[in-house]
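Participant: turn this into a structure:
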Amino acid sequence: MPPESQIPIAQPVVRRFAVRLALFYGTLFGLAGTQLPFFPVWLRAIGIDPSWIGIISAVPSVTRFTTLPLVTSLAERRHAVRGALIATAVISTVGFAVLGTQHATIAVFLVFVATACAWTPMVPLTDAYALRGVVRYGISYGPVRLWGSAAFILGALACGVLIDVIEPSRLIWIIAAVAGLCALTSFALRPLDASCRGAAASPHDHGLLRDAAFLAIIMASALIQGSHATYYAFSAISWQAQGLGGFTIAGLWALGVVAEIVVFAISPRFSLAPSTLVMIGALSAVARWSITAQEPSLALLAVVQLTHGLTFGLTQLGTMELLVRHVPAHMMARGQGYSTACGGILSSCASILSGAIYARYGQGVYYLMAAMAGSGAVLMWLARHRLAAQPHSAASAGKTRLPS
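Facilitator: Modelled structure (predicted):
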């Protein structure tokens, strides 16, 4: 632990830091709660073709393996994580506001590309800032981060109420307003002392990409998580077409997030191997998307939504634990970067492909998502012995945390 962490700090200072960080997490994930389910609805309302909705929805996934690493790396090198958070929050607000003035497909696409370049790095930047606060102030990460998940639900529900009151073509202004709140709260974040510089990169760091076990972990995770692409891009649109109201749609999304939180909350009691957790998540996704493709009744759809805790939550928990066990501590940041890039590539491809298929076959596109998840299960099954045989890294003493 750095020496600064041993210096006693007044409790009011610690509380102020934690409260401000929790508030920022809340506005950040509140923005995600309004943007993720209802941005595609806004796109459809202003006349964007389904194929283009898939392409536009893929933009954040693309930035996760292109501009995101550049932004986070630059902020780290300059010891300016808080400054980068403020800058990206302000730019994101301006970007969403400008989007509200655009209706031409190409203009919307270009403005959203610029917005996503600033918006997508915010979660990893916030986690980096929060973990420095854990060291500096000795706060617990989990209770602060949970406000983000709660705000995601509230944001989705609030937007669901508003969609029944206002025109769908005006939803972008709700998203922009929440982004503005996020930008305002970013200024309240307390400055942190510059952290110690990390160890120099090892000349063998690229060996991760020659490690079959590591590649199996990130590829299986990317396939399973990427199978959510159609759900993220088209679920609200298809449910609206089936006659469901905005509040009901938001409630369905909220059910999934609640299930995810419950899985994270009880995860310390899990005794199964992490590879088994990933396979359970994958098989749950196969069942989930196969049922969703058949346009189930609202009651069955609600039950299916509860499996999000398995398809997303359990997969994420298993993946993080596998990375902790099989990636050396001094290479963890690089390993996480490769994992994020792999997930971004597959998610963006799945989103683009799902847009084209949805335009022709509607809900039938979910069968493709089921096949993706099944491929992830097969890959993890084939790699399970190799993963079990490898020794744990020194980093395995850490706990898997609630992922972003």
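
Participant: next, give phi and psi for His228.
Facilitator: Main-chain dihedrals, His228, degrees, to the nearest 10: phi -80, psi 0.

Participant: that one contacts Thr311, correct?
Facilitator: Yes. Assessed by CB atoms under 8 Å, His228 is found in contact with Thr311 at 7.1 Å. No exception for glycine: its C-beta is placed from N, CA and C like everyone else's.

Participant: who has more neighbours out of these two?
Facilitator: Applying other CB atoms under 10 Å to His228 and Thr311 shows that Thr311 carries more neighbours, namely 30 against 24.

Participant: the residue nearest to the more buried one when sequence neighbours are not counted - how many residues pack around it?
Facilitator: Excluding the flanking residues, the one nearest Thr311 by CB to CB, 6 or more residues apart in numbering is Ala285, at 4.1 Å. Using other CB under 10 Å, Ala285 has 30 neighbouring residues.

Participant: what's the first helix or strand after the helix or strand harbouring Ala32?
Facilitator: Using DSSP states H and E, the element containing Ala32 is helix 11-45. Downstream of helix 11-45, the next assigned helix or strand under DSSP H and E is helix 50-57.

Participant: just the angle between that following helix and helix 11-45, please?
Facilitator: 160 degrees (axes from the mean of the first three to the mean of the last three CA atoms, to 10 degrees).

Participant: list the helices and strands helix 50-57 packs on?
Facilitator: Helix 50-57 makes packing contacts with helix 11-45, helix 105-119, helix 229-241, helix 332-361 when contacts are defined by 3 or more CB pairs under 8 Å, 6 or more residues apart in numbering; DSSP states H and E.

Participant: mind listing what's buried in the second one?
Facilitator: By that I understand helix 105-119. Buried residues in helix 105-119, counted by 16 or more other CB atoms under 10 Å: Thr105, Val108, Val111, Phe112, Val113, Ala114, Thr115, Ala116, Cys117, Ala118, Trp119.

Participant: assess the claim that the first one and Ser51 are in contact.
Facilitator: No. Thr105 sits out of contact with Ser51 when judged by CB under 8 Å, with a separation of 10.0 Å.

Participant: check contacts around Ile237.
Facilitator: Neighbour list for Ile237: Pro40, Val41, Arg44, Pro50, Ile53 [criterion: CB atoms under 8 Å, 6 or more residues apart in numbering].

Participant: and for Arg78?
Facilitator: Residues in contact with Arg78 (CB under 8 Å, 6+ apart) are Ala84.

Participant: for it, what are phi and psi?
Facilitator: phi -90, psi 0.

Participant: so for it, what's the pLDDT?
Facilitator: Note for Arg78: predicted pLDDT of 78.

Participant: from Pro191, how far off is it?
Facilitator: 14 Å (CB to CB, to the nearest Å).

Participant: what do you get for Phe29?
Facilitator: 23 Å.

Participant: same deal with Ile53?
Facilitator: To Pro191, Ile53 is 41 Å away according to CB to CB.

Participant: the more surrounded of the two?
Facilitator: Applying other CB under 10 Å to Ile53 and Pro191 shows that Ile53 carries more neighbours, namely 25 against 7.

Participant: list the contacts of that one.
Facilitator: Pro40, Leu43, Arg44, Ala233, Phe234, Ile237, Gly355.

Participant: not counting its neighbours along the chain, what's nearest the last one?
Facilitator: Spelled out, that is Gly355. Computed as CB to CB, 6+ apart, the closest residue to Gly355 that is not its neighbour in sequence is Gly54, at 1.6 Å.

Participant: for the one you found, list the residues it contacts.
Facilitator: Going by CB under 8 Å, 6+ apart, the list of residues near Gly54 reads Ala233, Phe234, Ser351, Ile352, Leu353, Ser354, Gly355, Ala356, Tyr358.

Participant: switch to 6 Å and redo it
Facilitator: Taking CB atoms under 6 Å, 6 or more residues apart in numbering, we find Gly54 in contact with Ala233, Ser351, Ile352, Ser354, Gly355.

Participant: what of Ala118?
Facilitator: Counted by CB under 6 Å, 6+ apart, Ala118 has contacts Thr88, Ile91, Ser92.

Participant: out of these, which one sits closest to Arg136?
Facilitator: Lowest distance from Arg136 to the contacts of Ala118 (CB to CB) belongs to Thr88, with 21.7 Å.

Participant: secondary structure element for the closest one?
Facilitator: helix 81-99.

Participant: and that helix, how far out from the chain's middle?
Facilitator: Mean-position distance between helix 81-99 and its chain equals 18 Å (CA atoms, centre = their mean, to the nearest Å).

Participant: buried set for that helix?
Facilitator: Buried, per 16+ other CB under 10 Å, within helix 81-99: 81-82, 84-85, 87-99.

Participant: mean confidence for stretch 111-126?
Facilitator: Stretch 111-126 carries an average pLDDT of 90.

Participant: how about stretch 207-220?
Facilitator: Here the average pLDDT along stretch 207-220 is 87.

Participant: how about that stretch: buried residues?
Facilitator: Buried, per 16+ other CB under 10 Å, within stretch 207-220: Leu208, Ala213, Phe214, Leu215, Ala216, Ile217, Ile218, Met219, Ala220.

Participant: now stretch 139-157
Facilitator: Buried-residue list, stretch 139-157, by 16+ other CB under 10 Å: 139, 141, 144-157.

Participant: in PDB, could you pull the C-alpha coordinates for it?
Facilitator: Taking C-alpha atoms only, stretch 139-157 is exported to PDB below (Å, rounded to 0.1, in the frame of the first residue of the first chain):
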ATOM      1  CA  ILE A 139     -13.300   3.500   1.600                       C
ATOM      2  CA  SER A 140     -15.200   0.400   0.400                       C
ATOM      3  CA  TYR A 141     -15.600   0.200  -3.300                       C
ATOM      4  CA  GLY A 142     -18.800  -1.900  -3.500                       C
ATOM      5  CA  PRO A 143     -21.200   0.300  -1.500                       C
ATOM      6  CA  VAL A 144     -20.200   3.300  -3.600                       C
ATOM      7  CA  ARG A 145     -20.400   1.500  -6.900                       C
ATOM      8  CA  LEU A 146     -23.800   0.000  -6.200                       C
ATOM      9  CA  TRP A 147     -25.300   3.500  -6.500                       C
ATOM     10  CA  GLY A 148     -24.500   3.300 -10.200                       C
ATOM     11  CA  SER A 149     -26.600   0.100 -10.600                       C
ATOM     12  CA  ALA A 150     -29.500   1.600  -8.600                       C
ATOM     13  CA  ALA A 151     -29.400   4.800 -10.700                       C
ATOM     14  CA  PHE A 152     -29.400   2.700 -13.900                       C
ATOM     15  CA  ILE A 153     -32.800   1.300 -12.900                       C
ATOM     16  CA  LEU A 154     -34.200   4.600 -11.800                       C
ATOM     17  CA  GLY A 155     -33.000   6.300 -15.000                       C
ATOM     18  CA  ALA A 156     -34.700   3.600 -17.100                       C
ATOM     19  CA  LEU A 157     -37.900   3.700 -15.100                       C
END
